[in-house]
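Colleague: mind looking at a prediction? Sequence and model below.
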Amino acid sequence: MSRSESIEPFFEALDSEMTLLESSISHLTKDGLAAFIADLPPMDKAKACMTLLYALNSSIFSALKVSDSFTPDHPVMSDIRRVQTYMKKVKHAEELLAGRQMQLDKPAAGRFIKHALSGNDAYDEERAQKK
């Protein structure tokens, strides 16, 4: 078996994967990123942009590695690190938002309940008797 025959199945698999990828992202390439993220909430917009940037930089990195022209100080590495930093910031902000939504402000809840019940005559009498 020759070398070209041994790698031919890999090229065929790559071709089918590229066709699948093209069909998956056709709405992005046809309408553009702005149309794709227009209706998304801000956190999802940030995640979509970071994912796209990371994918593009990773593709450039892979192309440089394959062409054997990659050096560790290539500008694409600083871009990858920058995008990773932003991805961490987005993840941290998302965790903060999730934690903030799960927190109960007990003093504020007590004030709401107290003021809601203050117009109730039976509650006012009971409270006056306790004092």
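Modeller: Right, received. Where do you want to start?
Colleague: going by C-alpha atoms from here, please, whenever you check contacts or count neighbours.
Modeller: Fine.
Colleague: list the buried ones in whichever helix in the chain runs longest?
Modeller: The longest helix of the chain (DSSP state H) is helix 75-102. The neighbour-count check on helix 75-102 (16 or more other C-alpha atoms under 10 Å) flags 76-77, 80, 83-84, 87, 90 as buried.
Colleague: residues touching the residue minimising distance to the centre of the chain, list them.
Modeller: Note on the chain: the residue nearest the mean C-alpha position is residue 47, at 2.8 Å, using C-alpha atoms, centre = their mean. Contact analysis of residue 47 by C-alpha atoms under 8 Å, 6 or more residues apart in numbering lists 87, 90.
Colleague: distance of it from residue 24?
Modeller: Distance from residue 47 to residue 24, counting by C-alpha to C-alpha, to the nearest Å: 18 Å.
Colleague: any low-confidence regions in this structure?
Modeller: Applying pLDDT under 70 to the chain flags residues 1-4, 100-103, 117-120, 123.
Colleague: what ranges do the strands span in it?
Modeller: In the chain, no strands are defined using DSSP state E.
Colleague: all helices for it, in order.
Modeller: 3-24, 26-31, 33-37, 42-66, 75-102, 106-117, 121-130.
Colleague: show me the contact partners of the third one.
Modeller: This means helix 33-37. 27-28, 45, 48.
Colleague: one step back: next, the angle helix 42-66 makes with the longest helix of the chain.
Modeller: 160 degrees (axes from the mean of the first three to the mean of the last three C-alpha atoms, to 10 degrees).
Colleague: elements contacting helix 75-102?
Modeller: helix 42-66 (3 or more C-alpha pairs under 8 Å, 6 or more residues apart in numbering; DSSP states H and E).
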